[in-house]
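Peer 1: The following block contains a protein sequence and its predicted model.
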Amino acid sequence: MNHFIHLKDISTKDLRKILNDAKKRKKKRLKLSTLTPDRDIPLKGKLLIQMFEKSSLRTRLSFYLAIKQLGGGTVTLRSNELHLGEGGESLEDTAKILSTYGDGFMLRTDSDEKVNNFKKFLSIPIINGLSPLSHPTQVLSDVFTVEEIKKKPISKLNITWIGDSNNVLNSLIAASVKFSFKLNIGCPKKYEPKKFILDWAKINNKKIYIFNDAKKAASDADIIFSDKVISLNDKVNKKNKIKDFKNFKVDKNLMSYAKKDCTFLHCLPRGTEVEDKVFRSNKSKVWLQALNRTHVQKSILLYCFGKLR
């Protein structure tokens with residue numbers, strides 16, 4: 001049994017095994033319909049319990065398909081439907097019930113402390129489907145997409161992030177350490193990543209660079225990532241924050257500073273941070289990026305269940 005909470009806590013060897021398995025499984029599904037299980041049905045009879053405290057589209061759909069294609073099933077819960085918290089049932093007791101009924105637990109939450117507490121009391125693996133500090137399933141899938149598009153290891157590519165310092169960027173920083181790729185971060189000075197995240201990263205990887213100029217960050221990029229400037233439940237003055245990022249919009253002019261074959265990626269949903277002409281151009285691979293969530297999360301599930309070969 002393995003937990004999947006933060007990329008920084010998982011070995012590069014195991015992360016690479018997940019990616020290699022996903023590549024093989026995706027290739028084998030070329031002629032299979034959406035709900036047809038993989039031929040080896042490695043998780044037959046297994047139940048994944050999903051719990052969402054935050055809105056979700058891609059994470060919900062991709063984990064549903066992931067466990068179904070592996071031969072298992074899923075139940076989706078919303079925290080406001082449970083006794084947990086206001087209903088008077090403790091997190092420890094909730095975790096014991098989840099462990100009694102299910103074989104794995106995926107949590108999308110607004111509290112990293114809650115992820116850690118569930119890990120403490122669960123006797124089944126927990127997967128972080130998104131927390132304030134981390135979005136590991138998204139970013140590992142993004143590494144898969146980058147290597148699929150560019151047909152080379154991500155360590156040989158220049159990766160750029162344009163936008164706010166959020167949970168996706170935190171996981172991308174962790175990925176840059178684990179997979180040894182150059183990462184340029186373009187954002188306004190007051191929106192730079194938290195010091196403790198950069199301190200950890202810089203001890204392990206000397207190829208992380210921060211620019212307060214989007215054009216400098218985009219220079220010679222193979223991949224440009226972006227994300228919404230205003231995140232869900234962002235408790236800020238939205239007008240002021242959007243104004244702060246006015247020079248960090250991914251448009252055709254910014255893309256011209258990158259390599260000619262630069263690819264644009266975005267975890268979605270999008271806001272005003274990317275120009276429609278870029279988002280809908282042939283440089284954009286956001287739909288492939290979204291689809292690959294299922295393939296990689298299948299292999300994450302196998303890793304968590306101790307079934308990864």
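Peer 2: Received it, and whenever you're ready, just let me know what you need.

Peer 1: pLDDT score assigned to the residue of the chain positioned farthest from its centre?
Peer 2: In terms of distance from the mean C-alpha position of the chain, Gly88 ranks first, at 32.1 Å (Cα atoms, centre = their mean). Note for Gly88: predicted pLDDT of 78.

Peer 1: again with Leu232
Peer 2: pLDDT, Leu232: 63.

Peer 1: again with Lys249
Peer 2: 97.

Peer 1: Quickly note the distance from it to Leu172.
Peer 2: Noted for Lys249: a distance of 19 Å to Leu172, by Cβ to Cβ, to the nearest Å. Where C-beta positions appear, they are placed from N, C-alpha and C, glycine not excepted.

Peer 1: Those two: which has the busier surroundings?
Peer 2: Leu172 (26 against 19; other Cβ atoms under 10 Å).

Peer 1: Now do the same contact list for the more buried one.
Peer 2: Leu172 sits next to 139, 142, 159, 161, 183, 225 when contact means Cβ atoms under 8 Å, 6 or more residues apart in numbering.

Peer 1: Quick check: phi and psi on the fourth one?
Peer 2: For Trp161, the backbone dihedrals are phi -110, psi 130 (criterion: degrees, to the nearest 10).

Peer 1: just the last one next, same as before
Peer 2: Phi and psi for Phe225, reported as degrees, to the nearest 10, are phi -100, psi 150.

Peer 1: Now do the residue farthest from the centre of the chain against Thr94, distance only.
Peer 2: 11 Å.

Peer 1: residue boundaries of the strands in the stretch 51-200 of the chain?
Peer 2: 73-78, 104-108, 126-130, 158-162, 182-186 (DSSP state E, counting those that start in this stretch).

Peer 1: okay if I get those strands as CSV plus distance to Lys31, mean pLDDT and mean neighbour count?
Peer 2: Output for those, formatted as CSV (distance: least, Cβ to Cβ, whole Å; pLDDT from 0 to 100; neighbours: other Cβ atoms under 10 Å):
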stretch, distance to Lys31, mean pLDDT, mean neighbour count
strand 73-78, 24, 94, 15
strand 104-108, 28, 97, 26
strand 126-130, 29, 98, 26
strand 158-162, 33, 98, 25
strand 182-186, 37, 98, 23
